[in-house]
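Enquirer: sequence? don't have it. structure:
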C-alpha cells in the first residue's frame with residue numbers, strides 16, 4: 001500500500017524538485033537582463049535601444065582615452081563621419097579632450113577615436129561626458145562615461 005502511494009505521488013515530487021532547484025532553460029514570460037560584452041575590454045555606453053554602442057577605455061601606459069563605435073549588439077564596428085568627439089572630464093577635473101578619428105584605411109569614416117594626454121598616464125579611471133556623437137543619422141549628446149584600463153578576456 002505504501003509503495004502504491006509513493007508511486008502515485010512520485011511525478012508530483014519530481015516536478016516540485018525540478019521547480020525548486022531551477023533550470024537554466026525555461027520558457028515563460030518575464031524579463032531577464034539583456035547585456036552585451038564589450039569587444040575591447042572597456043565599458044559600453046548604449047546609444048538608443050539596440051541602435052549602437054560606444055565602448056570607452058583608458059590606456060594609462062600611453063595616456064590615451066579610446067572610443068569605439070559598435071553596432072547594437074556590440075559586435076561589429078560602425079563608422080562615423082565626424083572627425084572628432086569632444087570629452088569633458090570630471091575626473092581628472094576640468095580636462096577637455098578631443099578624440100580624433102582613427103580612419104585606419106576607411107575613406108571618410110572612422111570606427112575608432114582616441115586622444116592622448118600626459119594627465120591620463122598612470123590613472124586607473126576617468127569620468128566625464130562625451131559632448132556629441134553622430135551615429136547613423138542620429139545625434140546623441142552629453143553621454144556620461146567612466147573609462148578604465150581594458151579587462152583581460154574572460155574576466
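Expert: That came through fine. Everything numeric here is computed off the predicted structure, so don't read it as measured data.
Enquirer: drop to CA atoms for contacts and neighbour counts, all remaining ones
Expert: Noted.
Enquirer: give me the nearest residue to the residue minimising distance to the centre of the chain, chain neighbours excluded.
Expert: The chain has residue 44 as the residue nearest its centroid, 2.3 Å off, counting by C-alpha atoms, centre = their mean. Leaving aside its sequence neighbours, residue 44 sits nearest to residue 55 (C-alpha to C-alpha, 6 or more residues apart in numbering; 4.4 Å).
Enquirer: the one you found sits in which helix or strand?
Expert: Using DSSP states H and E, residue 55 sits within strand 52-59.
Enquirer: need the contact list for residue 53.
Expert: Neighbouring residues of residue 53 by C-alpha atoms under 8 Å, 6 or more residues apart in numbering: 44-47, 69-74.
Enquirer: what is the orientation angle of the helix or strand that the strand holding residue 55 is followed by with strand 52-59?
Expert: Of the helices and strands lying after strand 52-59 in sequence (DSSP H and E), the nearest is strand 64-71. With axes from the mean of the first three to the mean of the last three C-alpha atoms, to 10 degrees as the basis, strand 64-71 and strand 52-59 are set at 160 degrees to each other.
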